[in-house]
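Chemist: Dropping the sequence and predicted coords here.
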Amino acid sequence: MSGGALEAPGVCLSSEGLIALRAVALGAQMPPVLAALPGGFATRRKGHGLEVADMREYVAGDDIRHLDRGTTARTGRLHVRQFQEERDRVTLLIADFRPCMFWGMRRAFRSVAVAEALALIGWNVVESGGRVGLLTVSAGGPVIVPPRGRTRGMLDVIGGMVQAHRAGLRAMAAGQDVDPALESALLRADRLVPAGGEFIIGSGFDAPGPGFADRLDALARRRVPRLVMITDAQMLRMPSGRYPIRLADGRRMRVSLGGKTPPPETRIAGRVALLLDAGEEVEHMARRIVAGFPAERAA
């Protein structure tokens, strides 16, 4: 692949493009229930937060510090406030930039679509008061960005994705086509995601490794896993038939492709994964992500 081809739209990843996805992410997002202070992620669970969620009559045992004077004076009966509980939302984005991700049949490489999907998710996280970090998987070694909040944290994540993607493109152009097992990323994720946090893997899930399911289950005991599978649905929409392909080791074979409609989701290692098409427009992708991963989660 020539140097000029590496800079083509849909092949090259740019910081400007991922930053511009903030508007797309917010346009697709329903108004979330937010805390008044930055860093708080409001949930539907009532607790000791700062946002007033409800008002009710006093019952024995209620904390008298939560008495609402206005409502009490107006009704002549004691009323207490109930508050919206807040918690810190920490999300680690795991981006698959291995050689198997650097191909596509329409709008963009699968690797570019992974970065776009994770950027859309990341913008939603920081805009709802959470913190976001990054871990990339590639043939040239990982790029790690510790979780941070606000726009500054998301810009650091974007910079890390662009850096890792460019390194992956250069490695592929130099002939490095060996895919490390995806499970290697989960070993590092254990140290980057605190208990109660979430990690989102954006990948095609090619060559996950023999221990991928077990490590995913181990992480899921104290963290929330979310899977985003990036595919190219054009392969399914092709006319039904047997097509010749060449494997990485040089062998040739024929596979049956086409004549199918891509499902909205699939299962990876026994878990539901949101299925996104690398060829679809980012606005459609954003709406699919909002439907699959609501910004407001119950505790």
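Modeler: Looks like it came in fine.

Chemist: Val132: how many residues sit nearby?
Modeler: Residues contacting Val132 under the criterion other C-beta atoms under 10 Å number 27. Yep, even glycine has a C-beta here, placed from its N, CA and C like the rest.

Chemist: Can you verify it is assigned to a helix?
Modeler: No: counting by DSSP: H, G, I helix; E, B strand; the rest coil, Val132 is not part of a helix but strand.

Chemist: Tell me the spacing between it and Ile121.
Modeler: Between Val132 and Ile121 the computed distance is 8 Å (C-beta to C-beta, to the nearest Å).

Chemist: For the two, list the residues in contact with both.
Modeler: Thr91, Leu93 (C-beta atoms under 8 Å, 6 or more residues apart in numbering).

Chemist: I figured Leu219 hits Asp190, correct?
Modeler: Yes: counting by C-beta atoms under 8 Å, Leu219 touches Asp190, with 6.2 Å between them.

Chemist: If you count surrounding residues, which of those two has more?
Modeler: Between Leu219 and Asp190, counted using other C-beta under 10 Å, the more crowded position is Leu219 (17 against 13).

Chemist: residues in contact with Ile121?
Modeler: Contacts of Ile121 (C-beta under 8 Å, 6+ apart): Ala25, Thr91, Leu93, Ile200, Val228, Ile289, Phe293.

Chemist: Any chance of a PyMOL selection covering the buried ones in those residues?
Modeler: One line in PyMOL is enough to select the buried members of the contacts of Ile121, burial here meaning 16 or more other C-beta atoms under 10 Å:
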select buried, resi 25+91+93+200+228+289+293
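
Chemist: will you turn the contacts of Ile121 into JSON lines that also has pLDDT and secondary structure?
Modeler: Shown next, in JSON lines, are those (pLDDT from 0 to 100; DSSP: H, G, I helix; E, B strand; the rest coil):
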{"residue": "Ala25", "pLDDT": "92", "secondary structure": "helix"}
{"residue": "Thr91", "pLDDT": "94", "secondary structure": "strand"}
{"residue": "Leu93", "pLDDT": "97", "secondary structure": "strand"}
{"residue": "Ile200", "pLDDT": "96", "secondary structure": "strand"}
{"residue": "Val228", "pLDDT": "95", "secondary structure": "strand"}
{"residue": "Ile289", "pLDDT": "91", "secondary structure": "helix"}
{"residue": "Phe293", "pLDDT": "77", "secondary structure": "coil"}
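
Chemist: now the contacts of Ile121 in CSV, with distance to Asp214?
Modeler: CSV is the format used below for the contacts of Ile121 (distance: C-beta to C-beta, whole Å):
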residue, distance to Asp214
Ala25, 33
Thr91, 23
Leu93, 22
Ile200, 19
Val228, 21
Ile289, 28
Phe293, 24
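
Chemist: need the strands for the stretch 151-299 of the chain, in chain order.
Modeler: Per DSSP state E, counting those that start in this stretch, the stretch 151-299 of the chain carries strands over the ranges 198-203, 224-231, 241-246, 252-257, 265-268, 271-277.

Chemist: Can you redo these as TSV, where the extra columns are distance to Ile158?
Modeler: Compiled in TSV, the strands of the stretch 151-299 of the chain are given as follows (distance: least, C-beta to C-beta, whole Å):
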stretch	distance to Ile158
strand 198-203	14
strand 224-231	17
strand 241-246	34
strand 252-257	34
strand 265-268	26
strand 271-277	19
